[in-house]
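>>> Just the structure for this:
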Amino acid sequence: MKTYFFRFSFIISSLFFVESASAQLLFQEGASNLGCDDSSYGIGFLGGGISFYDFDNDGWDDITISSHEGRAVKFFKNISGSFVQVDFGLNDPLFETKTVQWVDYDNDGDNDLFVTSNIDSNRLYRNNGAMQFTDITVSAGLMTNDHRSFGASWGDYDKDGLLDIFVSSRHYDDLTIPNILYRNNGDDTFTNVNSQAQIPATNYFSFCSAFIDYNDDGWLDIYVANDRDPSNLMYKNNGNGTFSEVGEETGTDVVINAMSTTIGDYNRDGHMDIYVTNTQQGNVFLRNNGDNTFTDIAEESGTIFESVSWGSVFIDADNDSDLDLYVSGVLDGSTPYLSAAFYENNGIGDFTIPTDAGFDVDTAESYGNAMGDINNDGYPDMVVLNYSPDNIFIWENQSDQSNNWVKVKLEGTISNRQGIGAQIEISSEGEKQYSFTNLGEGYNSQNSSYEFFGIGTATSIDYIKVEWPSGLTEIVENPSINAPITIVEGENILEVTPVNTNTELTVYPLPAKETICMSVDGPDVINAYRILDISGNLILKEDSPESICDIYIGNISSGLYLLEITLNSDQKIFKKILLE
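Model prediction:
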């Protein structure tokens, strides 16, 4: 048996910038060779989305494809770097579908499936375990006939540890059908909270939305992309269950044919920026100024596109530590413009289109796109959903792999299980990068559960810091490079050093709500106990306790704590405990 002594870790961040080495960029389209024939979207209205997400939690990023009316949603399982189509036996009504997303809405550790449709109702399929699904749309309160939904984004707007959902409505014939914010009740049901949250009951012709903490106050805001007039919307989270629309005062109220929203920190200043696709009038790149305002830098950064664009995704393709940008679209026959563009970041926020990166073969009509890792080599790949007759594109990353990397997956315990809404900061040789975990950005699509960080030629990472939606902040020091890492909320708050003892401590139930009990197995008895928060502050103590069971903790806020036990031998035992 071991006991543990703990120390708290502190990091002083460097403010210096070090430019990383660039590597030769190269992608090759490989859908057919990788097993993804018969994978086009079809010819449905304005295309659909695609997911590049590990749906069965086996460590390999899988592909899920939306489809036009009469075709089923398709699933391609990744088996060690190649794909095989699988059938989960869903009760698929064969509606035309737009969004396909894997979401652990009930925090039980497996991925449930949410699908939107623009011709009928959406669908929520609960994963009962082992990829067996039940359609719970009606009982969950999500059945809204003829909603004509396109995008959906997930985030915990009220910080209760459950993922809520914002569904975008784009209905030609009935402008009274609004976007809907559904609150997750934690019992397999959702409630439309538009009225309480002060979300207008208006149809804004919205394609997509994204949760973003634009003002860094710890509360998730919502940015909405609207097609044509009116302007795009920025809903500021007031922290009390309500939102205020602040598009004009933040400078995000652009009036364009907005198709999608993509979130990333292209200039590594710790503030999330927004890229919005458009038609020939040009895309919009909203730089977050860090003072609750944004500035459109699309033209000056070289990313304006000026063609019919749909999906977009930020990706550090060469792992040189700065975010590049990929945009997919449609080659309009009346103009000699782009059907897609890969924009390489030069490290100081300017972008250019390389001539030899392999994308010159792209002439398909493309819509959603997403980022993942086909073969777990740490170099991100991309998938793109195309109209018939073209199958999906799988852009295999074959860039020079001389740069180093880490990819980070989060597992919430107090926060939602997928860690959506967390900010990740890494430092490598004093150079910082930031990422924000999102579910539902881009055009109806979903990226890998991993956040990818290239570190160039650096050979070590100083730390990874996670700011969880729960408010908990923790640091992993000196993680391995060129490897994936899963960070479980609360496990890296304290560093442990084992010492020997003959007494074993048991604490139950955990997580605890009202009371806890303790027991020891060994020659010693408990002389005293203390409960400390993660900063070392004393929360509760008792010397010479009469009882070590039914200890009332109902007045202590939920979170992670340290239980310190003093034995009659003067030895101490420490145990982390989670209170709900």
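>>> tell me the centre residue of this structure?
In the chain, the C-alpha nearest the mean C-alpha coordinate belongs to residue 438, at 2.7 Å (CA atoms, centre = their mean).
>>> Correct me if wrong: that one contacts residue 213.
No: here residue 438 does not reach residue 213: they are 10.5 Å apart, not a contact under CB atoms under 8 Å. Backbone N, C-alpha and C define where each C-beta goes, glycine included.
>>> Give the residues shared as contacts by those two.
Residues touching both residue 438 and residue 213 (CB atoms under 8 Å, 6 or more residues apart in numbering): residue 421.
>>> And for the residue nearest to the centre of the chain, nearest residue in space, chain neighbours not counted?
Of all residues not flanking residue 438 in the chain, residue 263 sits nearest, at 5.4 Å (CB to CB, 6 or more residues apart in numbering).
>>> helix or strand for that neighbour, which one?
Using DSSP states H and E, residue 263 sits in strand 261-264.
>>> C-terminal to that strand, which secondary structure element comes first?
On the C-terminal side of strand 261-264, the closest following helix or strand by DSSP H and E is strand 273-276.
>>> Against which helices or strands is that next one packed?
strand 261-264, strand 284-288 (3 or more CB pairs under 8 Å, 6 or more residues apart in numbering; DSSP states H and E).
>>> Pull the strand holding residue 263 out as PDB, backbone CA atoms only.
Provided in PDB are the C-alpha atoms of strand 261-264 (Å, rounded to 0.1, in the frame of the first residue of the first chain):
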ATOM      1  CA  THR A 261     -18.100  30.000 -38.800                       C
ATOM      2  CA  THR A 262     -14.700  28.600 -37.900                       C
ATOM      3  CA  ILE A 263     -12.800  29.400 -34.600                       C
ATOM      4  CA  GLY A 264      -9.000  29.500 -34.100                       C
END
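>>> Next, the contact list for the closest residue to residue 424 other than its chain neighbours, please.
Nearest residue to residue 424, sequence neighbours excluded (CB to CB, 6+ apart): residue 435, at 4.7 Å. Residues in contact with residue 435 (CB under 8 Å, 6+ apart) are 264-265, 408, 423-424, 451, 453.
>>> 10 Å instead?
Residue 435 makes contacts with 263-265, 272, 314, 316, 323, 408, 422-426, 451-453, as judged by CB atoms under 10 Å, 6 or more residues apart in numbering.
>>> I'd guess it is in a strand, am I close?
Yes: under DSSP: H, G, I helix; E, B strand; the rest coil, residue 435 falls within a strand.
>>> Got the confidence number for it?
pLDDT, residue 435: 98.
>>> Tell me how far it lies from residue 54.
Here the criterion is CB to CB, to the nearest Å. By it, residue 435 lies 18 Å from residue 54.
>>> ditto for residue 208
Taken as CB to CB, the span from residue 208 to residue 54 is 23 Å.
>>> Next: residue 408.
Distance, residue 408 to residue 54, using CB to CB: 14 Å.
>>> any idea how far residue 262 lies from residue 442?
Distance check for residue 262 against residue 442: by CB to CB, it reads 5 Å.
>>> no, scratch that, I was asking about residue 548
Look at residue 548 and residue 442: by CB to CB, they are 53 Å apart.
>>> And residue 216, by the same measure?
Here residue 216 is placed at a distance of 22 Å from residue 442 (CB to CB).
>>> Settle it for me: which of those two has more neighbours?
residue 442 (32 against 14; other CB atoms under 10 Å).
>>> correct me, but that one touches residue 260?
Yes: here residue 442 reaches residue 260: they are 5.4 Å apart, a contact under CB atoms under 10 Å.
>>> which neighbours do the two share?
Residues touching both residue 442 and residue 260 (CB under 10 Å, 6+ apart) are 49, 151, 208, 210, 275, 277, 310-313, 328, 367-369.
>>> In strands, which of the residues you listed fall?
Residues of the shared contacts of residue 442 and residue 260 located in strands (DSSP state E): 151, 208, 210, 275, 310-313, 328, 367-369.
>>> Tell me which stretches of the stretch 201-350 of the chain form helices.
Here the stretch 201-350 of the chain has its helices, by DSSP state H, counting those that start in this stretch, at 247-250, 298-301.
>>> could those helices go into a markdown table alongside mean neighbour count and distance to residue 107?
Shown next, in a markdown table, are those (neighbours: other CB atoms under 10 Å; distance: least, CB to CB, whole Å):
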| stretch | mean neighbour count | distance to residue 107 |
| --- | --- | --- |
| helix 247-250 | 16 | 32 |
| helix 298-301 | 16 | 38 |
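>>> per-residue confidence for residue 313?
Looking at residue 313, its pLDDT is 98.
>>> Tell me how many other residues surround it.
28.
>>> shift numbering so it begins at 10
I'll keep to 10 as the first residue from here, and by that count the last item is residue 322.
>>> Pretty sure residue 336 is one of the things it touches, is it not?
Yes: here residue 322 reaches residue 336: they are 8.3 Å apart, a contact under CB under 10 Å.
>>> Overlap in contacts, those two.
Common neighbours of residue 322 and residue 336 (CB under 10 Å, 6+ apart) are 269, 271, 284, 378.
>>> How many residues are close by the first one?
This means residue 269. Neighbour count for residue 269, taken as other CB under 10 Å: 32.
>>> Pull the contacting residues for it.
Listed by CB under 10 Å, 6+ apart, the contact partners of residue 269 are 58, 159-160, 216-219, 234, 284-287, 292, 318-322, 336-337, 376-378, 450-454.
>>> Next, the contact list for the residue nearest to it when sequence neighbours are not counted, please.
Of all residues not flanking residue 269 in the chain, residue 452 sits nearest, at 3.8 Å (CB to CB, 6+ apart). By CB under 10 Å, 6+ apart, the contact list for residue 452 reads 55-59, 107-108, 159-160, 216-217, 234, 268-271, 286, 318-322, 337-338, 375-379, 394.
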